[in-house]
Each structure stands twice: as structure tokens, then as C-alpha cells.
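Engineer: with the input below, show me the fold.
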Amino acid sequence: MDICENAHRVALSHKDTFLEECDKIAFKQNKKKQLRLFKRQFSIRNLSVSVFLYLYILVFKNKLPTLIVMLLDIIFNIFTDVCICNYEVYSNYKFLYYIIPINLMVIFLSPSKSMNFKPIDTIVRVTQPQFSNEAYSIMQQLISFSASDISKLEHLSFKLAYAAFEFNQQFFNANQIVKPAIFTYSGTVFDKLNPYLFTTAQLLFVEKHLRIFSALYGLLRPFDLIHPYRLDMHNGLIDDLYSFWSDKVTTSAMEALMDDDCILINLASAEYFEMLTTSYFSQNCQILTPIFKQEKRGKLLVNSFKSKEARGLMTRFIIENQISDPEYLKGFMEQGYAFSQDLSANDEWIFIR
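Structural biologist: Residues are numbered from 1 along each chain as shown. Predicted coordinates:
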């Protein structure tokens with residue numbers, strides 16, 4: 001009998017011991033951390049739970065019609081799925097926001113120039129980029145540039161420029177290789193993130209809690225299939241990509257956050273985070289930017305490479321622990337980092353080492 005079935009049985013027996021017994025069941029199945037998060041995140045009101053469980057108990061006393069029995073069974077199964085932090089279920093049943101409030105936390109990352117298109121063994125439910133048509137429109141412009149043009153305008157070596165030229169020319173080829181975005185980008189951030197080691201449960205969490213900016217695709221979900229490409233927001237080939245993407249990406253980000261009371265964790269570079277028009281977000285939406293500093297000769301400095309490493313490690317920390325409460329980020333201690341309360345502000349949290 002799995003945790004949902006056990007929780008179901010316990011809840012029917014006595015509402016007052018529901019959470020306590022869930023803890024005991026969860027401990028046996030190494031789920032204690034998830035249940036603790038559940039109790040913090042969902043803030044279940046005693047009255048609504050009491051009424052709900054009372055109705056369910058009446059079913060077993062044959063005081064409610066069979067149709068209501070079936071309806072309550074469906075609702076309770078959804079409820080117990082939510083109990084173990086199944087965000088896949090929660091996001092598919094948005095009416096639960098009116099019953100069990102949650103602040104959804106979403107991480108935003110920058111892409112990397114380097115990509116890896118080797119096949120993967122991990123099985124995921126792949127998706128198509130939301131802005132595929134826009135990407136095709138941009139690529140129609142890019143294919144008009146020769147390798148020499150790219151080298152000159154992008155200030156690249158001819159070797160890199162020719163690789164970019166080849167990517168562009170092969171983009172519309174039906175046989176061109178594609179791969180989920182999170183497994184494709186291979187720069188420093190994604191090297192430390194190392195999604196190949198994620199469990200199935202962690203990959204489900206990633207699907208709802210991670211988005212990746214892209215100059216070509218706008219905003220990507222982690223399992224969106226992407227082609228090889230080379231394009232930055234600051235480039236010499238396409239004019240004003242910020243104006244092109246701003247409204248589209250902002251709307252998509254708001255949809256990912258799902259609710260006005262949301263939490264956006266900005267682990268992207270300034271170049272890409274500028275794609276968002278944050279003034280469109282609800283005032284109740286918390287935008288939090290972790291900043292990583294190194295102490296050197298008595299001064300706290302930001303090192304670009306080490307910051308990228310830390311962004312990847314923090315993203316991994318969030319995913320491995322399936323964190324949805326930003327307070328838990330203060331426990332991030334990878335590579336000797338520690339949260340500094342004194343140096344931090346409401347929207348910028350400073351981690352030093």
C-alpha cells in the first residue's frame with residue numbers, strides 16, 4: 001500500500017490525527033521532508049478539512065448518494081496526491097488553488113553557448129517550444145548571413161562562425177537532430193546542474209519549476225526540443241531582440257508562475273533577465289535574485305565564472321530538495337557559501353564565501 005492509500009485510510013479514520021499519522025507513514029517511506037513541506041506550503045485551514053472529511057465519513061455511513069461518493073473519491077485522490085507534493089497533479093487541477101493555497105516558485109536560468117547533442121538515456125515527456133513560429137521567423141533572417149558575415153558581425157573566429165553558419169543552414173532540415181533543452185545546454189551552469197542524475201520525481205519537479213531563457217526560442221520549458229543554434233541577446237545580426245521578445249516572454253513567464261502570489265528565483269544573467277518586463281507582474285509576486293560573492297583581500301567581489309557555478313549548484317539544490325519555500329534557500333552551503341542576512345535585501349540575497 002503506497003503513501004497515498006495509507007494517507008487516505010488514516011484520514012478517514014480520524015481527521016485530527018491526519019497530519020500526525022501522515023508523518024509516521026512518510027517517515028517509513030523516506031518522505032518525511034516532503035510532508036513537512038506540505039504542511040508549510042499548503043496552509044490547510046482546519047474548518048475546510050473538517051467539513052471535507054466529515055462529508056467523506058458520511059459516505060461510509062450510507063448517508064450520501066453514490067454519485068457524491070464517486071465525486072468525493074476523485075477529489076480525495078487528488079488531495080492525497082497533493083499531500084505528497086505531486087506538483088504534476090496540483091498544476092493540472094488549478095481549482096485546488098481555491099482549496100489549498102500554494103505559492104509556486106519557479107527558477108529562471110540563462111542558456112549557454114555550448115551545447116551537447118549526444119543521445120540521452122533518460123526518458124522524459126518531451127514538448128515543443130511555445131514560440132516555435134517566432135524561432136523560425138528569426139532563423140529565416142539568420143540563414144541569409146554567410147560564415148564571413150557572422151565572423152565579422154559577431155567578432156568570432158572563422159571556425160566558430162562557420163559552425164554557427166552550419167547550424168543555421170541545417171535548421172529547417174527535417175533530419176536535423178533535436179534534444180530537450182535542459183540536456184542540451186552544457187555550459188558551466190548546466191554542468192553543475194547535471195540533470196542526467198535526477199530521479200523521476202525530480203524531473204517531474206523540474207518540469208514545473210524551471211524555465212530557460214533563449215534569444216532564439218524566447219522562453220523554454222526544460223524538456224522542449226531545440227535545434228543547434230548560436231545566438232545571444234546582444235548580437236550583431238538581429239536588431240532589438242528585447243523588443244521582439246519582451247511581451248511574449250513576460251506573458252509566458254506569468255503563465256509558468258500560475259498565480260499572483262508567486263516566487264520567481266532569478267538565477268539568470270542580467271543579459272537574459274532583461275527579457276522580462278517585471279512591472280507587469282503582480283505586486284504580490286516576489287522576485288528574488290541570489291548573488292554570490294567571494295572574499296578576496298578583505299573585499300567581497302563577484303567572479304563571473306564562480307557565480308555561474310553557484311547558480312547551477314543552487315538550481316540543483318532546489319530541485320534535489322524539491323523546495324517551494326524560498327526560506328529554505330538560506331540553507332544553501334555548497335562550495336562553502338553561506339547566506340548573509342546583514343548584506344541581503346528583500347529582493348537580493350547575498351551568499352558569501
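
Engineer: list the buried residues of stretch 337-353.
Structural biologist: 337, 339, 344, 349-351 (16 or more other CB atoms under 10 Å). C-beta here means a position set from N, CA and C on the backbone, and glycine is covered the same way.

Engineer: now do stretch 265-276, average pLDDT.
Structural biologist: Stretch 265-276 comes out with an average pLDDT of 95.

Engineer: which residues touch the residue lying closest to residue 203 once chain neighbours are set aside?
Structural biologist: Take residue 203 and drop its neighbours on the chain: the residue closest to it by CB to CB, 6 or more residues apart in numbering is residue 124, 5.9 Å away. For residue 124, the contact set (CB atoms under 8 Å, 6 or more residues apart in numbering) comprises 180, 203, 223.

Engineer: which of these has the weakest pLDDT?
Structural biologist: Among the contacts of residue 124, residue 203 has the lowest pLDDT, at 89.

Engineer: after the helix or strand harbouring it, which helix or strand is next?
Structural biologist: Using DSSP states H and E, residue 203 maps to helix 200-209. Sequence-wise, the next helix or strand downstream of helix 200-209 (DSSP H and E) is strand 210-214.

Engineer: same for that next one, what does it pack against?
Structural biologist: strand 105-109, helix 181-184, strand 218-220, helix 241-257 (3 or more CB pairs under 8 Å, 6 or more residues apart in numbering; DSSP states H and E).

Engineer: partners of it, with directions?
Structural biologist: Paired strands of strand 210-214, with direction, are strand 105-109 (parallel), strand 218-220 (antiparallel) (DSSP bridges).

Engineer: now the first one: mean pLDDT?
Structural biologist: Confidence over strand 105-109, taken as the mean pLDDT, stands at 94.

Engineer: same deal with the last one?
Structural biologist: Looking at strand 218-220 alone, the average pLDDT works out to 97.

Engineer: what comes up buried for it?
Structural biologist: 218-220.

Engineer: neighbours around residue 248, how many?
Structural biologist: 15 (other CB atoms under 10 Å).

Engineer: and it, what pLDDT?
Structural biologist: According to the prediction, residue 248 has pLDDT 95.

Engineer: now residue 312. Nearest residue, chain neighbours left out?
Structural biologist: Per CB to CB, 6+ apart, closest to residue 312 is residue 192, 2.9 Å.

Engineer: convert the host helix or strand of the one you found to CSV, retaining C-alpha atoms only.
Structural biologist: Counting by DSSP H and E, the element that carries residue 192 is helix 188-193. Extracted C-alpha coordinates of helix 188-193, given in CSV (Å, rounded to 0.1, in the frame of the first residue of the first chain):
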residue,chain,number,x,y,z
THR,A,188,29.1,26.0,-16.6
VAL,A,189,25.7,26.4,-15.0
PHE,A,190,24.3,23.2,-16.7
ASP,A,191,27.5,21.3,-15.9
LYS,A,192,26.9,21.9,-12.2
LEU,A,193,23.2,21.3,-12.5
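
Engineer: what is the mean pLDDT for it?
Structural biologist: Averaging pLDDT along helix 188-193 gives 96.

Engineer: who does that helix touch, helix- and strand-wise?
Structural biologist: Checking 3+ CB pairs under 8 Å, 6+ apart, helix 188-193 ends up next to helix 304-320.

Engineer: sheet partners, orientation included, of the next helix or strand after the helix it packs on?
Structural biologist: Heading C-terminal from helix 304-320, the first helix or strand you meet, by DSSP H and E, is strand 338-340. In the sheet, strand 338-340 lines up against strand 348-352 (antiparallel) (DSSP bridges).

Engineer: quick one, the partner strand and helix 304-320 angle?
Structural biologist: 110 degrees (axes from the mean of the first three to the mean of the last three CA atoms, to 10 degrees).

Engineer: turn the strands paired with strand 210-214 into CSV, including distance to residue 228.
Structural biologist: Output for the strands paired with strand 210-214, formatted as CSV (distance: least, CB to CB, whole Å):
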stretch, distance to residue 228
strand 105-109, 19
strand 218-220, 14
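
Engineer: which one of those strands lies nearest to residue 150?
Structural biologist: Closest to residue 150 of these, according to CB to CB: strand 218-220, at 21.5 Å.

Engineer: now the element after the closest one, going C-ward?
Structural biologist: That would be, after strand 218-220 and using DSSP H and E, strand 225-226.

Engineer: can you tell me the average pLDDT over that next one?
Structural biologist: Strand 225-226 comes out at a mean pLDDT of 96.

Engineer: neighbouring contacts of that strand?
Structural biologist: 126-129, 178-181, 184, 214, 216-217, 220.

Engineer: so for the biggest strand by length in the chain, what's the average pLDDT?
Structural biologist: Using DSSP state E, we find that the single longest strand of the chain is strand 286-296. Strand 286-296 shows a mean pLDDT of 93.

Engineer: what comes up buried for that strand?
Structural biologist: 286-294.

Engineer: same deal with stretch 191-209?
Structural biologist: 192-193, 195, 198, 201-209.

Engineer: need the distance between the two termini of that stretch.
Structural biologist: Using CA to CA, to the nearest Å, one end of stretch 191-209 lies 19 Å from the other.

Engineer: which residues does it contact?
Structural biologist: Contact with stretch 191-209 is made by 86-88, 91, 104-107, 120, 122, 124-125, 182-183, 221-223, 308-309, 311-313, 315-316, 318-320, 322, 324, as judged by CB under 8 Å, 6+ apart.
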